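**Student:** the sequence isn't on hand, but the structure is:
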């Protein structure tokens, strides 16, 4: 994103996905013991949903979108000593494919995914030879594991709530993960962000994108003649049209428009006025 990007005005909220519960810190009155098969391990074995603490409830607002704007704030998590069957039950109950593992202080220490659990089924009826054991040490070790601390991928790849969406996307790509636990300055769990969450910005209405491009790109770059610049948006594709005095500003306008969160592509039809 260009350093010259303007920052102004409030953005309309992007549609939010349903929240996922975090069992574990419900008020005492809400802690009615559930059936054993339904228990989800966290601070205590109870499936009651509790929101991970966060600073504010407001929708996406001005300036750059951050992980805090799109993350799921209610998360299913397990303790280090959670058993294999408890983890599977938690994933099935809350319809998730991975769960963060937290220590006694609430810090994220790892993540257990379906892939980590599947090793037990893979080697269930199959004895591994010495060569295969050496080649797949991690998978064979997990096949014989029963607790979260032995099954999890550690250390966990995490992201801060204030990180930008491109930063989160690069972390996912670099580490080949599908979701990132969101942590605060102390490493405590605040939420989780997935690939689907990062794509929420592309659900912004075309009218919202057009208004932001005009406010943050056209008006700062062309303060004297903003009415001469056309901004049309169709399915997230922005078309800039009109005539400008300085051809050097044209690529800058295209670059800043492309940097607006939710823009799919930019078509730049700006032309330069001929000298009189």
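**Tutor:** That came through fine. From a predicted model like this one, the values you see are computed outputs, not experimental measurements.

**Student:** you'd agree residue 109 is up against residue 79?
**Tutor:** No. Counting by C-beta atoms under 8 Å, residue 109 does not reach residue 79; the two are 9.7 Å apart. In short, each C-beta sits where N, CA and C put it, glycine included.

**Student:** helices of the stretch 101-250 of the chain, residue ranges please.
**Tutor:** Assigned by DSSP state H, counting those that start in this stretch, the helices in the stretch 101-250 of the chain fall at 114-122, 130-135, 137-143, 148-151, 165-175, 195-198, 206-213, 219-221, 249-258.

**Student:** of those, which is nearest residue 69?
**Tutor:** helix 165-175 (8.1 Å; C-beta to C-beta).

**Student:** counting contacts, what elements does that closest one pack onto?
**Tutor:** helix 67-70, strand 159-160, strand 179-183, helix 195-198 (3 or more C-beta pairs under 8 Å, 6 or more residues apart in numbering; DSSP states H and E).

**Student:** could you identify which of those is most buried?
**Tutor:** Of the helices and strands packed on helix 165-175, the one with the most neighbours on average (mean count of other C-beta atoms under 10 Å) is strand 179-183, at a mean of 26.

**Student:** give the buried residues for stretch 94-106.
**Tutor:** With burial defined by 16 or more other C-beta atoms under 10 Å, the residues of stretch 94-106 counted as buried are 94, 96, 98-102, 106.

**Student:** ah, wrong one, I meant stretch 107-120
**Tutor:** 107-113, 116-117, 119-120.

**Student:** now swap in stretch 228-242 and tell me
**Tutor:** For stretch 228-242, burial by neighbour count (16+ other C-beta under 10 Å) applies to 229, 231, 233, 236, 238-240, 242.

**Student:** out of the residues you listed, flag the one nearest to residue 199.
**Tutor:** residue 236 (11.5 Å).

**Student:** can you give me phi and psi for the residue lying closest to residue 114 once chain neighbours are set aside?
**Tutor:** Among residues not flanking residue 114 along the chain, residue 97 sits closest, at 5.0 Å (C-beta to C-beta, 6 or more residues apart in numbering). Main-chain dihedrals, residue 97, degrees, to the nearest 10: phi -110, psi 0.

**Student:** which residues of the stretch 51-200 of the chain score low on pLDDT?
**Tutor:** Within the stretch 51-200 of the chain, the ranges that satisfy pLDDT under 70 run 51-63, 120-144.

**Student:** kindly recompute the last result at 80.
**Tutor:** 51-64, 119-145 (pLDDT under 80).

**Student:** A helix includes residue 91, no?
**Tutor:** Yes. Assessed with DSSP: H, G, I helix; E, B strand; the rest coil, residue 91 lies in a helix.

**Student:** neighbours around it, how many?
**Tutor:** By the criterion of other C-beta atoms under 10 Å, residue 91 has 20 neighbours.

**Student:** for the residue nearest to residue 114, which residues are in contact?
**Tutor:** By C-beta atoms under 8 Å, 6 or more residues apart in numbering, the contact set of residue 97 is 91, 113-114, 178.

**Student:** and if you look at residue 107?
**Tutor:** If you count contacts by C-beta under 8 Å, 6+ apart, then residue 107 has 183, 186-189 around it.
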